[in-house]
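S.K.: A structural model of the following input is requested.
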Amino acid sequence: MMRNLLLLAMGLLTFPTADAQIIKVNPQSISCALYERMDIDVELKGEWKNPYRQEEARLDMIVTAPNGKNSVVPAFFVEGESGKTSHWAVRYTPQATGQHTYTLRYTQPSMESVSPSYKLHVKEGKGHGFLHIADNWTLRYDDGTPFRGIGENICWESRANDDSKYFKKLHEQHDRFNYPAMLPKFAENGGNFTRIWMCGWNFPIDKKDHFNNTRYEVYDGPINPSAVKRLDETVELCEKLGIKIMLCIGAGEARTNGEFFVSEEAKAAHRNRLRYIVARWGYSKAIAMWEFFNEIDNIQYRDRNHPIPAKDIVDWHAHMARYIKSIDAYKHIVTTSISHRDLEGLNSIADMDINQKHIYNQTSIIPKTIKDYAQKFGKPYIIGEFGYEWDWSKNFDDFADGMDMDFRRGLWYGLFSPTPVTPMSWWWEYFDDRNMQRFFRAPALVNQEMIESGNGSFVPCEASADNGQAFAVKCGKKTYIYLFNDSKRAMKKVQVEASGTLRELDIEKAVWSKGRKCEGTISTSVKPNAEKVFVIE
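M.R.: The predicted structure is shown next:
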């Protein structure tokens, strides 16, 4: 009796019956903190040709929360052989305190095996949980805390052989452009949201070789261990730094031709890929959003003479969005992106939480674009990429001032527009080399103040200037103003619906000036192609 009690307290149980498939369940612990990951190792005996195909072998954790709500958390295969003992893993993050009850269920054709019930006690912990949609301006954590992203694309680490005409040597600097170097620097300067790709040279989890990258090892199997290990490390690093990720999943090794979007075999393969991704990384609070594709319209027109029908792509997204939500116990935000061509129906898919596009050479249209799309489709809109220039065959140093100014004003446009994440600049290596990351500090400061002042409430105010652009947002008792002079004459006077103490922000140092009285008119001097930020309180 004492031995059995000890085993149960350890969370370890062995099933000796001959036809039972689950052999041993070994939880990391019988208790954990709220919003903290808890791992479970499962030993089982099953038969399959490919354990990554859920049609052949599937392991799930069925959890009953303290409120009685059930959820299913997919597990993933770790190692082992068909017909012999294999190891599987569950990564679980509880979203409520109290006693949870769970079982493990293994399924293969014509067979199902269910473990006895286990208990997990969840105590109070630190952190806020997972991010979800609040409104067009903000996201909110599980505990209600509001969040807005100060974002930048850091889509991949350095490649072994980069195709940039003028910046090849810069991009190939492995000691600088790796996540352990780039992400801490980004966070140190106030960044809290990034977009990361899974592709042939970055986290190529289902690629065997030819990575154009020194970080991954050749592996002849369905899932590449070196790639998943690198993504494990990067997700954990983002958790420590407080950085949220929009993870662009892509299509893996599948060919993104028309057949990919309509073939039942191709769709089944992609569902299995999504299942593995959700099972392995869905536990993480650092994952803010699943992004299905980068610039799906460019994939649509890859063969310009035979574009893929928009309906096929839209139907695929509706199907996959519905599927990923059905297996994601944490209900991460779901999105996809276009370059510049809308696909009819894509912005209206019910299970797509956020719409987004990429804007180059037209940074001035960002505020109107965000506002128009958010109003038209009734959901938040994000500018997932933006920049002064998209053409990597050009020498950016020829117009470096324009690149820098675009980098800066895109961030401010986002803070003063109904979007939960600021527009995310491209060309991270180039801007890092020009020490531009320091310009995240001021928007990050204002972003935090806005959230704290209004508790997540953002109310646009009327503002006008004698020249250039003026934006104003009221957050609680404070009104923030952003000015950008895109005219050829100096801006001297600004009208705004607020009065009180006026302070000006030193954008270089991220420091507010001493206050002066303001009665709805700001006398200032903003030179052409320059910007200023004020607060009235």
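S.K.: Now I370: closest residue in space, sequence neighbours ignored.
M.R.: In space, and not counting its chain neighbours, I370 is closest to S417: 4.4 Å by CB to CB, 6 or more residues apart in numbering. For the C-beta atoms, the positions are set from N, CA and C on the backbone; glycine is no exception.
S.K.: Please, where are all the helices along this protein?
M.R.: All helices of the chain, identified by DSSP state H, fall at 2-9, 168-171, 179-188, 225-241, 258-262, 264-281, 296-300, 310-327, 366-377, 400-415, 428-433, 441-454.
S.K.: Looking at these, which is nearest to T214?
M.R.: Comparison of these against T214 by CB to CB identifies helix 225-241 as nearest, at 10.7 Å.
S.K.: what about the stretch 151-300 of the chain, any weak spots by pLDDT?
M.R.: 255-256 (pLDDT under 70).
S.K.: Mind naming the longest strand for this structure?
M.R.: Criterion DSSP state E: the longest strand present in the chain is strand 491-506.
S.K.: Now do it: which elements does it pack against?
M.R.: Strand 491-506 sits against helix 441-454, strand 459-461, strand 463-465, strand 469-475, strand 478-484, strand 511-512, strand 516-526, strand 531-536, with contacts defined as 3 or more CB pairs under 8 Å, 6 or more residues apart in numbering; DSSP states H and E.
S.K.: Which neighbours in the sheet does it have, and how are they oriented?
M.R.: Under the criterion DSSP bridges, strand 491-506 sits next to strand 463-465 (antiparallel), strand 511-512 (antiparallel), strand 516-526 (antiparallel), strand 531-536 (antiparallel) in its sheet.
S.K.: Quick check: which of those strands is buried the most?
M.R.: Highest mean neighbour count among those (mean count of other CB atoms under 10 Å): strand 531-536, with a mean of 23.
S.K.: what does that one contact?
M.R.: The contact list for strand 531-536 (CB atoms under 8 Å, 6 or more residues apart in numbering) reads 408-409, 412, 442, 446, 449, 478-485, 496, 498-505, 507, 512, 518, 522, 524, 526.
S.K.: Between strand 469-475 and that strand, find me the angle.
M.R.: Calculated by axes from the mean of the first three to the mean of the last three CA atoms, to 10 degrees, strand 531-536 forms an angle of 30 degrees with strand 469-475.
S.K.: List the contacts of N347.
M.R.: Here N347 is in contact with 355, 373, 376-377, 379 (criterion: CB under 8 Å, 6+ apart).
S.K.: what are the bridge partners for the residue nearest to P66 when sequence neighbours are not counted, then?
M.R.: Spatial nearest neighbour of P66, chain neighbours left out: G98 (3.2 Å); criterion: CB to CB, 6+ apart. Residues in a beta bridge with G98, per DSSP bridges, are V122.
S.K.: so what's G98 up against?
M.R.: With contacts defined as CB under 8 Å, 6+ apart, G98 is in contact with 65-66, 121-122.
S.K.: Show the end-to-end separation of stretch 170-185, please.
M.R.: End-to-end distance for stretch 170-185, by CA to CA, to the nearest Å: 17 Å.
S.K.: And for stretch 459-473?
M.R.: Stretch 459-473 end-to-end distance (CA to CA) = 5 Å.
S.K.: ok now that stretch, how far from the chain's centre?
M.R.: The chain centre lies 31 Å from the centre of stretch 459-473; the measure is CA atoms, centre = their mean, to the nearest Å.
S.K.: oh, and call the first residue 36 from now on, that's how I've got it
M.R.: Will do, 36 is the new start, and the previous item becomes stretch 494-508.
S.K.: neighbouring contacts of it?
M.R.: Residues contacting stretch 494-508 (CB under 8 Å, 6+ apart): 402, 447-448, 450-453, 485, 493, 509-510, 514-522, 524-533, 561.
S.K.: coming back round to it: nearest to R230, out of the helices of the chain?
M.R.: When these are compared by CB to CB, helix 463-468 sits nearest R230, at 10.0 Å.
S.K.: Tell me which residues of that closest one come out buried.
M.R.: Of the residues in helix 463-468, 463-467 count as buried by neighbour count, 16 or more other CB atoms under 10 Å.
S.K.: Then stretch 68-83?
M.R.: 69-73, 75-81, 83.
S.K.: Can you name the residues that contact A289?
M.R.: Contacts of A289 (CB under 8 Å, 6+ apart): 295, 301, 304-305.
S.K.: Which pair of those residues spans the longest distance?
M.R.: Longest span within the contacts of A289, CB to CB: F295 and A304, 9.3 Å.
S.K.: Report the angle between the longest strand of the chain and strand 513-519.
M.R.: Comparing the axes of strand 526-541 and strand 513-519 via the same axes, to 10 degrees yields an angle of 120 degrees.
S.K.: what inclination does strand 526-541 have with respect to helix 476-489?
M.R.: 90 degrees.
S.K.: average model confidence for strand 526-541?
M.R.: Strand 526-541 shows a mean pLDDT of 96.
S.K.: Ok, stretch 147-154 next?
M.R.: For stretch 147-154, mean pLDDT rounds to 96.
S.K.: how far is it from where the chain is centred?
M.R.: With CA atoms, centre = their mean, you get 33 Å for stretch 147-154.
S.K.: can you give me the end-to-end distance of it?
M.R.: OK, stretch 147-154 end separation, CA to CA: 22 Å.
S.K.: mind checking how far the residue nearest to P101 is from K154?
M.R.: According to CB to CB, to the nearest Å, G133 stands 11 Å off from K154.
S.K.: rewinding a little: mind picking the two most distant members of the contacts of G133?
M.R.: Distance extremes for the contacts of G133: the farthest pair is A100 and H156 at 12.4 Å, using CB to CB.
S.K.: show me where the stretch 136-285 of the chain has strands.
M.R.: 146-149, 153-158, 166-168, 174-176, 181-182, 186-188, 228-232, 279-283 (DSSP state E, counting those that start in this stretch).
S.K.: Could you single out the most deeply buried of those?
M.R.: Ranked by mean neighbour count, those are led by strand 186-188 with a mean of 27 (mean count of other CB under 10 Å).
S.K.: re earlier: want to try TSV for the buried residues of stretch 68-83, with distance to V125 and pLDDT as columns?
M.R.: Formatted as TSV, the buried residues of stretch 68-83 follow (distance: CB to CB, whole Å; pLDDT from 0 to 100):
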residue	distance to V125	pLDDT
L69	18	98
Y70	17	97
E71	14	97
R72	10	97
M73	8	97
I75	4	98
D76	8	98
V77	7	98
E78	12	97
L79	12	96
K80	17	95
G81	16	94
W83	18	95
